[in-house]
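Novice: all I have is the shape, not the residue letters:
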C-alpha cells in the first residue's frame with residue numbers, strides 16, 4: 001500500500017512546492033522526486049510541469065489528483081469501518097499544535113482522553129499555529145489546536161477551548177523607550193514594536209491600531225511568540241503576545257504594560273474534518289472535548 005505516497009502527491013498538487021511538501025511529509029526532496037517519477041511511470045504521463053521557478057499540474061496530474069483523493073477517502077472509510085467493529089478502541093490520533101498549546105491548552109484534555117481510552121496513542125506534531133489547520137485539511141493530522149478564524153471553512157468542525165487575550169510586554173532592562181511606554185499616550189510612531197508576522201493575533205493588532213488611526217513603528221515581524229519574548233527580553237522593543245504565552249514562558253525579564261483599551265481577544269479551539277467524524281477514534285476524542 002502506498003497511501004503515504006498518495007498523500008505526498010496530493011499535498012504537492014495543492015502546494016506546488018517540493019520543499020514544503022517534503023518537509024510536511026517527512027521525506028527528503030530527492031525521495032519526493034522519486035515518488036512522483038514512479039507515479040508518472042505508472043500512469044504513463046507527466047503529472048507536473050517543472051522548471052527552476054515553478055511547478056504546475058498537467059491535465060493528467062489533475063486527473064490523478066482526483067483519483068488520489070478518492071483513493072485516500074476510500075482507505076479512510078475502510079479503516080473507520082474496521083475501527084467501528086472493535087470492542088476496545090485502539091490505534092493512534094495525531095494532534096498538530098504549538099509548543100505553548102501542548103502544555104497550556106491540552107494537558108487536561110489529553111489526561112482525560114488517556115484515562116478513557118488507554119489503548120489509543122496520541123501523537124503530537126508541534127509547529128507554528130498557521131500551518132496547523134492546513135495539516136488537518138490536507139489529512140496530515142487528525143486534529144489541530146489553532147486560532148478560530150472569523151470564517152470557519154465549511155469542511156471543518158471547530159470546538160472552542162479558551163479565549164486568548166493579547167498583552168503588551170516590555171523589557172525590564174534599561175532601554176531607550178522605558179519612560180515613554182509607561183505614559184498614558186504612548187508614541188506608537190516612535191516605539192519599536194515586535195509583532196507576529198501573520199495570524200489571528202496580527203489581525204487583532206492591526207485592527208486595534210487602525211481603530212486608533214495610528215501607523216505604528218513595526219521594528220520586527222517574526223514567526224513564533226517565543227521569538228517575540230526573546231527579542232523583548234534583549235531590549236529590542238515592545239512586544240505584543242498572547243497572555244498564555246507570557247504565563248507559560250520561562251523568560252521572566254519582561255513586564256506587562258497596562259495599555260487601554262485592550263486588544264480584542266480571539267478564540268482558540270480544536271478542529272478536525274467533519275467527514276472524519278464517523279471514525280470512532282475521532283468521535284471519541286471529540287466527545288471528550
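Specialist: Looks like it came in fine. None of the values given here were measured: they were computed from a predicted structure.
Novice: how about the strands in the stretch 1-150 of the chain?
Specialist: In the stretch 1-150 of the chain, the strands defined using DSSP state E, counting those that start in this stretch lie at 48-50, 55-57, 91-97, 120-126, 143-147.
Novice: give me whichever of those strands is most buried.
Specialist: The highest average neighbour count among the strands of the stretch 1-150 of the chain, using mean count of other C-beta atoms under 10 Å, belongs to strand 143-147 at a mean of 25. In this view, the C-beta of every residue, glycine as well, is placed from N, C-alpha and C.
Novice: still on that earlier bit, how about the strands of the stretch 1-150 of the chain, which one is nearest residue 14?
Specialist: The closest of the strands of the stretch 1-150 of the chain to residue 14 is strand 55-57. By C-beta to C-beta, the value is 9.5 Å.
Novice: what packs against that closest one?
Specialist: Judged by 3 or more C-beta pairs under 8 Å, 6 or more residues apart in numbering; DSSP states H and E, the packing partners of strand 55-57 are strand 48-50.
Novice: just to revisit the earlier point, in TSV, list the strands of the stretch 1-150 of the chain along with mean pLDDT and distance to residue 113.
Specialist: Output for those, formatted as TSV (pLDDT from 0 to 100; distance: least, C-beta to C-beta, whole Å):
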stretch	mean pLDDT	distance to residue 113
strand 48-50	89	40
strand 55-57	91	39
strand 91-97	91	9
strand 120-126	89	7
strand 143-147	92	11
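Novice: would you format the ones you listed as a markdown table with distance to residue 207 included?
Specialist: Shown next, in a markdown table, are the strands of the stretch 1-150 of the chain (distance: least, C-beta to C-beta, whole Å):
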| stretch | distance to residue 207 |
| --- | --- |
| strand 48-50 | 40 |
| strand 55-57 | 35 |
| strand 91-97 | 25 |
| strand 120-126 | 28 |
| strand 143-147 | 14 |
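Novice: and these: which comes nearest residue 7?
Specialist: Counting by C-beta to C-beta, residue 7 lies closest to strand 91-97 out of the strands of the stretch 1-150 of the chain; the figure is 12.5 Å.
Novice: about what we covered before: of all the strands of the stretch 1-150 of the chain, which one is nearest residue 137?
Specialist: Judged by C-beta to C-beta, the one of the strands of the stretch 1-150 of the chain that comes nearest to residue 137 is strand 143-147, at 9.1 Å.
Novice: list the contacts of residue 263.
Specialist: By C-beta atoms under 8 Å, 6 or more residues apart in numbering, residue 263 lies in contact with 165-166, 204-205, 208, 240.
Novice: residue boundaries of the helices in the stretch 151-289 of the chain?
Specialist: All helices of the stretch 151-289 of the chain, identified by DSSP state H, counting those that start in this stretch, fall at 200-211, 225-233, 243-248, 280-288.
Novice: find the residue closest to residue 162 in space, skipping its chain neighbours.
Specialist: Closest residue in space to residue 162, ignoring its immediate chain neighbours: residue 268 at 5.5 Å, by C-beta to C-beta, 6 or more residues apart in numbering.
Novice: same thing with residue 190?
Specialist: Here the residue nearest residue 190, using C-beta to C-beta, 6+ apart, is residue 217, at 6.2 Å.
Novice: is it true that the one you found touches residue 186?
Specialist: No: in this structure, residue 217 is not within contact of residue 186 by C-beta atoms under 8 Å, at 11.0 Å.
Novice: understood, closing this out.
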